[in-house]
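Peer 1: I would like to see how this sequence folds:
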Amino acid sequence: MIKILVINLLVLFTIGNLLALGQNSKPRVIVMTDGEIDDHSSMIRFLMYTCDVEVCAIIETNSIFQRDGHSKEDWYEKQLEAYEEIYPNLKKHNPDYPTPKLLKEVSFIGDEDHDHLRDLRDKRWELVPGAEITFTPENWEDTPGSDKIVEVLLEKNPAPVHIQAWGGGNTAARAFYKLKREYPNDYIRALSKVIMYNIWYQDGAGNYIEQNHPEVTMLYCGSFAGTWNYKSQPSTKSFIAQNVKSDHGPLGALYPQDYISEGDSPAFLYTVTNGLKNYEHPTYGGWGGRFTKFDQLENVYTDAKDDGDVKKSLRRWVDDANNDFEARMDWSVKSYEKANHPPKVQIKMKDIEVKSGKAIILNAGKTTDPDGDEVKFNWWYYKDAGSFEGDIDLKDEGSDKISLTAPKVDKTETVHIILEVSDNGNPSLKTYQRIIVKVNP
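Peer 2: Residues are numbered from 1 along each chain as shown. All right, here's what the predicted structure looks like:
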């Protein structure tokens, strides 16, 4: 008789809660932004998710598209002032929102020297993983931004540091060079913590880093184009007008575009703690997309294809992410009782290891919603995320409990099962859970 493996769902999980990252901490993030107009929009969304992460630094930089950067303008300062106004109300919905004072203290200027970009504009489409190195940073000056990166990476905290290049990566390149030159005993330890999410390579840093600092895990995202960038979501004009710009506080009122055109948002959506554990490994997939190993370089990953479509690993989550953003904007102005909050899923966080042929039951019956909303369940097999290439039959995937049988394998394989729990609030929100089943022969 097949022994039934019952997975008791025990650990309370919801957006904003701490995840098991080995250190029981939130993802640590450093944002680098070149201040382009879509960065303004992405920054507004990012500020609404700062309760989900540990913000180590926000650094203004340049790029081949914004050669002088925009730190001389006050767009970012105005956003922080607006955040300060809504902060008391945001705290009612999630006490983990960082103080305006903290955000100001971790804001820095990085590399905005256009000379570090000379002759690159005509080569911008050639700046892809594996391309030749165009510049090296040894003769550049340090900046407050690069020094802050050095400081963060030298900390004894072993948790990963997610450096996001919304624009160029030159500030990080200078920091990595300085670490190698001045801190040789700490260099490997420091850079091995880095996961650098690049929205394209928007200067010469990407190729320099991947070839001179292979300890850094580099993610190259090109699939933001056609999913999150200009003209990708033109149908969201009324969404932005009604749910962001109007009657949603001073931060929403600063949103500069008429519809969602946030080419840089996938970089921080990768670190949102929504249960998909996107940030735990590039191949997992989630709001920030899914990546596959780039064969030519040790630690470089590029856009993966879900169901053969390179855009799908981002596109499949767009509506969920926008609904969640709508709710967060409500948090700017509404009381807790009048706003919606994501369901709370009770689920065991540990992954499962079984032998082929074992029956598995997954039970999320104790799931609740903080607002008393009705919840619906949807379990599905994320085939592209695991190593097993066959099909999996999930029984009762629309209920709070499902069963499946571990497939027959000739070698150890992984199977990713995704649980989506949605409420019937306005807007409807989802919390997820990823269960990774390790199947042995």
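
Peer 1: Quick one: distance of the helix or strand encompassing residue 362 to the chain centre.
Peer 2: Using DSSP states H and E, residue 362 sits in strand 359-363. Centroid separation for strand 359-363 versus its chain: 29 Å, with Cα atoms, centre = their mean, to the nearest Å.

Peer 1: quick one: strands adjacent to it?
Peer 2: strand 4-7 (parallel), strand 401-405 (antiparallel) (DSSP bridges).

Peer 1: lowest-confidence stretch among these?
Peer 2: Lowest mean pLDDT within the strands paired with strand 359-363: strand 4-7, a mean of 40.

Peer 1: what's the distance between the host helix or strand of residue 151 and the middle of its chain?
Peer 2: In this structure, residue 151 sits in helix 144-154 according to DSSP H and E. Relative to the chain's own centre, helix 144-154 is displaced by 21 Å; criterion: Cα atoms, centre = their mean.

Peer 1: Give the buried residues for it.
Peer 2: 145-150, 152-153 (16 or more other Cβ atoms under 10 Å). C-beta coordinates here come from the backbone N, C-alpha and C atoms, glycine included.

Peer 1: Next secondary structure after the strand holding residue 362?
Peer 2: strand 375-381.

Peer 1: Quick one: mean pLDDT over that following strand.
Peer 2: Mean predicted lDDT for strand 375-381 stands at 98.

Peer 1: Contacts for it next, please.
Peer 2: Under the criterion Cβ atoms under 8 Å, 6 or more residues apart in numbering, residues 343, 362, 364, 367-369, 391-392, 394, 397-400, 402, 415-424 lie in contact with strand 375-381.

Peer 1: quick one, that strand and strand 359-363 angle?
Peer 2: Using axes from the mean of the first three to the mean of the last three Cα atoms, to 10 degrees, the inter-axis angle of strand 375-381 relative to strand 359-363 is 150 degrees.

Peer 1: Next, the buried residues of strand 375-381.
Peer 2: In strand 375-381, counting by 16+ other Cβ under 10 Å, buried: 375-377, 379, 381.

Peer 1: Please apply the same query to stretch 365-377.
Peer 2: Buried, per 16+ other Cβ under 10 Å, within stretch 365-377: 367, 369, 371, 373, 375-377.

Peer 1: the strands in the stretch 301-441 of the chain, which residues?
Peer 2: For the stretch 301-441 of the chain, the strands defined by DSSP state E, counting those that start in this stretch occupy 345-346, 352-355, 359-363, 375-381, 401-405, 413-423, 430-440.

Peer 1: Now tabulate those in TSV and tack on distance to residue 269.
Peer 2: As requested, the strands of the stretch 301-441 of the chain are arranged in TSV below (distance: least, Cβ to Cβ, whole Å):
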stretch	distance to residue 269
strand 345-346	19
strand 352-355	27
strand 359-363	26
strand 375-381	20
strand 401-405	27
strand 413-423	16
strand 430-440	13
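
Peer 1: Looking at those strands, spot the one closest to residue 116.
Peer 2: strand 430-440 (39.9 Å; Cβ to Cβ).

Peer 1: Which other helices and strands does that closest one contact?
Peer 2: helix 318-331, strand 345-346, strand 352-355, strand 413-423 (3 or more Cβ pairs under 8 Å, 6 or more residues apart in numbering; DSSP states H and E).

Peer 1: Let me have those in TSV, adding mean neighbour count and distance to residue 200 as columns.
Peer 2: What follows is the helices and strands packed on strand 430-440, written out as TSV (neighbours: other Cβ atoms under 10 Å; distance: least, Cβ to Cβ, whole Å):
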stretch	mean neighbour count	distance to residue 200
helix 318-331	21	19
strand 345-346	21	35
strand 352-355	16	37
strand 413-423	22	28
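
Peer 1: so where's the stretch 251-400 of the chain shaky on pLDDT?
Peer 2: 348-350 (pLDDT under 70).

Peer 1: and residue 242, how many neighbours does it have?
Peer 2: The burial count assigned to residue 242 is 12, neighbours taken as other Cβ atoms under 10 Å.
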